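1. Here's my sequence, what's the structure:
(chains A, B and C)
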Amino acid sequence: MRRVRVIPVIMIDSGRAVVTRRFSKPVYVGDPINSIKIFNDKEVDELVILDITDKKKQKEPDFKLIEKMASESFMPLAYGGHVTRITEAERLINCGIEKISFNTSLFAHPDVVRELSYRNGKQSVIASLDVKKNWWGQYEVKTRNGKQGVGKNLEAIVKQVLDLGVGEIFLNSIDRDGALAGYDEILVGIVARQSNVPVIACGGACTICDFVNAIKIAKASAVAAGAMFFFKGGFNAVLVNYPDQRTLTTELYTNLG
Amino acid sequence: MVAIVDYGVGNLMAIQNIIKKVGGNSVIASDPAIIQQAERIILPGVGSFGYCMERLTKQDLIPVLQEEVFGNKKKILGLCVGAQMMTEESEEGGSRGLGWVQAKTIKFDEAKVPILPHMEWTDVRFKNYTSLGRGFEEGGRFYFVHSYHFEFYQARQVLATAHFGYDFACVFQRENIFGVQFHPEKSHRFGMRLFENFLSL
Amino acid sequence: MLVEEETTTPTTLGTYRICTKTVMDTTVPGITFNEKGECNFCGYYNHLASRTVLRDPQLLQNEFDKAIDTIKKAGKNKSFDCILGISGGLDSTYLSLLAKRNGLRPLLVHFDNGWNSEKAIRNIENIVSHLGFELHTFVMDWEEFRDIQRAYFKASVVDVEVPTDQFIFAALHRLAYRNKIRYILAGNNVVSESINPEGWVYKNKLDLVNLKSIHKRYGRLKLKKLPRLGLYERYFYEAIRGIQTVNLLDLIPYRKGKVKQEIQDELGWKDYGGKHYESTFTRFYQGYYLPEKFNIDKRRAHWSNLILSGQATREEALADLAGPTYPLKDQLADRDYTIKKLGFDLSEWQTIMTAPAVTHESFDTDKNPKHQFFYLLFRAALFLPVRLLRSLSILPKPETIGSTW
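-> The predicted structure follows:
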């Protein structure tokens, strides 16, 4: 029985934990340090911290906050946001982060990505791809928090980032972000088929059934979610939650075939 | 006092945090003098075997480690690539290791495994429940991230195995030398228990 | 005479005394002992209990039924008939079970002040999934709340829980108002919560003037997002909109041991250790901060309450008090976590821990004549208009239900 990774995502905007809908309309969900502490106490498999603060307000990672968050976690941590120099990446690793996730920097600073992969190993580098469907239904890769397009040829872009020596792809559907209506399995399938590194599906997850489908049908290697693990009930009340091992075993691991 | 060997590789802060969590004291040490003063040593490692060996050699820490491990019989725990380095050699780049244990580091048989790297939480089965295995009667799950694993000539040095496509050795002991393939510093209470066990040996 | 002196003075210099009935001792300010060695809190509890839980059981049942009926009637044709604040703790969890059993339709409200423990969160999740009630979370703005908590620590006052208590009530009132709900169910109970010595808490919990005064002196941020429940807000919510807090737990036989078993069996509730320890902050505050800085062990009050309500023995209490509030390793971990979250450095924290205690009253309070004067003027001005509107049924008529003390 394989335990595929189920990964919560904590998004931070100016030091505040938020959940977005289509990368906008941030809903405040509280103190990120307490959120990560609760996830840690729930023994989550892994966790991704994404800093989406506007570049004008913050030019580099909030190292102080990240160090505090990392010191509350005894599971693997990935961090993404504002990493444009190898020194920043190394400082993050010294703070207790295992993996650095690159998004805009994949295209703006590819040399940093390559260097980190060489120095720390592929397993420490994640390519974060944010994808949105345009008016014609084509998948378009975006950077800068979904504001800037870098191309419509998804397959070419996937190849481009794989060549940088990344160890995983974190694939985020902007359209499904915060929708709690299931993953974009077609998108996940396209990228997973092409990738020779694990693909983490993100964007839209609502139930464990979505995890099963993402892995069994779309061939993702791991699943991630934000809104699903922060909201509960019909009113989307903020309540950090994560399925326990028994639920994951009966509803996920044993259903993967 | 535990010395966490700092040769420029690995998530040392995470190791220090978990040792603190279980009530231990540790120091991140790149200075041989500090390693000499410690009661126990942790040898971390991530990334490629060859790169780690190169850095460890460059930092000139191998002599003090040899002395403390073989001369002073200090207990040492290798983590992930740190443990792999204790073997004789690795198929990864054909690099030579420290040769402290009679074993090799080989690549997973790609025909038998679902995907590489093996990057997930996996159940570990201990052969006995003394030493590092204390308290693991109900089993334990740990976080693995690797494409290569140990291959031991002598099964008795293998303390625990895990399954990924097939069973492979993931914990070993040769007298005062211990190695784990997984990342106990990132394995919640299972990792905490393992460190507690190491600290109380 | 020596005997008389002993009964009238709390303590002779250096003399330690402990109540012969409860476990209140001379660490409690204002404690006195009678000729039997029983402390003044025994009498206080008996007096309170006789007015509440020790009344005729039929009377209590009638009041309980009346409260339930009134709530149901007021909530007819509405989505919810009451609001219930849940923390994941024992009292509020049982209250939600009670609400379900009696056919109430509460909106469960959880107040997230940034200090939730995982166990508390899990308990809340279980309540929601087992009972099928809707949940709303009021998420405190952490940066503002942290600023207030920092101010309270720097002010060296005893009751650092006041901000949480105030904002929970303010949030509940605000939500009740917005959802047109009149009744807020509360888990206050005489059998375990009535012993609160002066000097161990700031009894005027809803004193917004005091909070603002402390924050003005030691805080840095402007307070913009926090819900308020000062004198005027309370008047608006309660006198004008008829919002009322209803205490039901004094109207039923409330035995903690039995209650705990029921919520464990029916709701999968998990214990988290001491009273109110569902909040990491409360555990730290009561288990480390109060004992270390103020020499206050709140367990004495909790145990004494349970002894007086016949739910615990003095021997049990003494055995527990002989040990630490909770394991020292965890206390130190909580201390480190608190310092980290609040953004203090070690030397700031040392200063806080060693600073002499300051009373709340040394800051401005709403009992200050100038505040009382304007408030009473305000009340006087509205007195007749409110009465008129009530008589015309435009404003609801106040009707006290539930237990009051």
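2. If we ignore the residues flanking it in sequence, what's nearest the residue in chain B that chain C sits nearest to?
-> Residue nearest to chain C within chain B: B:G23 (6.5 Å; CB to the nearest CB). Heads up, the C-betas are built off the backbone N, CA and C, glycines and all. Computed as CB to CB, 6 or more residues apart in numbering or on different chains, the closest residue to B:G23 that is not its neighbour in sequence is C:K329, at 6.5 Å.
3. Not counting sequence-adjacent ones, nearest residue to the residue in chain A that chain B sits nearest to?
-> Proximity of chain A to chain B (CB to the nearest CB) peaks at A:G121, 2.6 Å away. Excluding the flanking residues, the one nearest A:G121 by CB to CB, 6+ apart is B:G47, at 2.6 Å.
4. Test my guess that that neighbour contacts A:V125.
-> No. Judged on CB atoms under 8 Å, B:G47 makes no contact with A:V125 at a distance of 10.3 Å.
5. More neighbours: which of those two?
-> The neighbour count for B:G47 versus A:V125, taken as other CB atoms under 10 Å in any protein chain shown, is higher for A:V125 (29 against 21).
6. Would you agree the more buried one is in contact with A:L106?
-> No. Taking contacts as CB under 8 Å, A:V125 lies outside contact range of A:L106: 9.9 Å.
7. Which neighbours do the two have in common?
-> Common neighbours of A:V125 and A:L106, counting by CB atoms under 8 Å, 6 or more residues apart in numbering or on different chains, are A:V113, A:L164.
8. returning to what we had before: for the residue of chain B closest to chain C, report the pLDDT, please.
-> The score at B:G23 is 92. That number is its pLDDT.
9. How about the one 10 residues further on?
-> As summarised for this prediction, B:A33 has a pLDDT of 95.
10. in the strand or helix carrying it, what's buried?
-> Remark: B:A33 resides in helix B:32-37, with elements defined by DSSP states H and E. Judged by neighbour count using 16 or more other CB atoms under 10 Å in any protein chain shown, the buried positions of helix B:32-37 are B:P32, B:I34, B:I35.
11. How about the contacts made by the first one?
-> Contacts here follow CB under 8 Å, 6+ apart; on that basis B:P32 touches B:D60, B:L61, B:P63, B:V64.
12. 7 Å instead?
-> Taking CB atoms under 7 Å, 6 or more residues apart in numbering or on different chains, we find B:P32 in contact with B:L61, B:V64.
13. ok, which residues in the stretch 301-405 of chain C are in contact with chain B?
-> Proximity of the stretch 301-405 of chain C to chain B is confined to C:K329 under the rule CB under 7 Å from any CB of the partner chain.
14. Just the closest residue of the stretch 301-405 of chain C to chain B, please.
-> Across the stretch 301-405 of chain C, the shortest distance to chain B (CB to the nearest CB) belongs to C:K329, at 6.5 Å.
15. Three-state assignment for A:V29, please.
-> strand (DSSP: H, G, I helix; E, B strand; the rest coil).
16. I'd guessed it sits against A:A17; true?
-> Yes. A:V29 lies in contact with A:A17 (CB atoms under 7 Å); the separation is 4.9 Å.
17. okay, those two: which has more neighbours?
-> The neighbour comparison of A:V29 against A:A17 (other CB under 10 Å) goes to A:A17, with 28 against 24.
18. from memory the more buried one sits against A:P32, does it?
-> Yes. A:A17 lies in contact with A:P32 (CB under 7 Å); the separation is 4.2 Å.
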